[in-house]
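Colleague: Let me see the structure of the following:
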Amino acid sequence: MLKSFKVWFYDPLKVLEAQIENPDFNGEMDYAAKQVYGPDDKRQFKDMMSGNWPWRQSDIIAKDPETHGAALVPVILGSEKTTVSVATGQNEYNPLYGSIQNTQNHVWRAHRNALSIIGFLAIPKSEFIAPFPIVC
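Modeller: I've put the predicted structure just below:
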């Protein structure tokens, strides 16, 4: 618990800005919340920006004169434990992923860089010493 470890990561702001600026997403991003209705006039939830939460957040942004012209950019972060076995001796890592949620769902299904790795965090192996006896 007293060892120090280096953490390697990309600047999250630059990673997310690169996603927003990606020309591959031209015409496939929503810069404002939307409500989508089907032929039966029933509301459809197709992606993040068609949900209720972005609609409510856009209302809040619109009420403040200082944020007129601003876009809502929801960000999702995720991580999972991954074992890397090639030449590493079964080391485990937690890759940290980030994504803006303005991209439409079909962009996600096409695996077109709508999700980027921000960091690759090591899971150090250590011995756990309980501060009190454990009785089983």
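Colleague: Sheet-wise, list the partners of the lengthiest strand in the chain with their directions.
Modeller: In the chain, with assignment by DSSP state E, the single longest strand is strand 91-100. Paired with strand 91-100 in the same sheet, following DSSP bridges, are strand 75-79 (antiparallel), strand 82-84 (antiparallel), strand 116-122 (antiparallel).
Colleague: Helix or strand next in line after it, which one?
Modeller: helix 105-109 (DSSP states H and E).
Colleague: Dump the C-alpha coordinates for that following helix into PDB.
Modeller: C-alpha atoms of helix 105-109 as PDB (Å, rounded to 0.1, in the frame of the first residue of the first chain):
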ATOM      1  CA  ASN A 105     -26.500   4.700 -32.300                       C
ATOM      2  CA  HIS A 106     -25.700   3.400 -35.800                       C
ATOM      3  CA  VAL A 107     -22.200   5.000 -35.400                       C
ATOM      4  CA  TRP A 108     -21.700   2.900 -32.300                       C
ATOM      5  CA  ARG A 109     -22.800  -0.300 -34.000                       C
END
